[in-house]
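Provide a 3D model corresponding to the input given below.
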Amino acid sequence: HVLQKRLADCNGTQCGYCSPGWVMSMFGFLQKNPTATEAEIEAHFDGNLCRCTGYRPILAAFKSFAPGGTMPVVPPTPPSAGPTPPPPSMGGG
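You can find the predicted model right below:
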């Protein structure tokens, strides 16, 4: 769904645990209010908890659905350098 993609594209799904609740809440809201303003979207932005993102990327993603809203500029995620090596052994031999 377009809401899920926008949330992911805006880095609003770090662990993904809260994402279904956010998407369903915003889906229902936008079904009833298809021309909601950014202020109305922000006012509706409650009832779900997120412990990872600090809410900014989630709110930015959903505000972009307001008339005249713009897709937030999201810095690209740097490529992974591979797995983190284990720490050096602290044991003696």
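
drop to CA atoms for contacts and neighbour counts, all remaining ones
OK.

Quick one: neighbours of residue 60, just the number.
Residue 60 has 22 neighbours, counted by other C-alpha atoms under 10 Å.

Would you check how far apart it and residue 13 are?
Using C-alpha to C-alpha, to the nearest Å, we find residue 60 at a distance of 12 Å from residue 13.

can you check residue 44 too?
Taking C-alpha to C-alpha as the measure, residue 44 falls 19 Å from residue 13.

Over to residue 26?
15 Å.

isn't residue 7 right up against residue 64?
No - contact criterion C-alpha atoms under 8 Å: residue 7 and residue 64 do not qualify, at 10.1 Å.

More neighbours: which of the two?
More neighbours surround residue 7 than the other of residue 7 and residue 64, with 20 against 17 (other C-alpha under 10 Å).

so what's that one up against?
Counting by C-alpha atoms under 8 Å, 6 or more residues apart in numbering, residue 7 touches 13, 57-58, 61-62.

Sort out for me which of the residues you listed are in helices.
57-58, 61-62 (DSSP state H).
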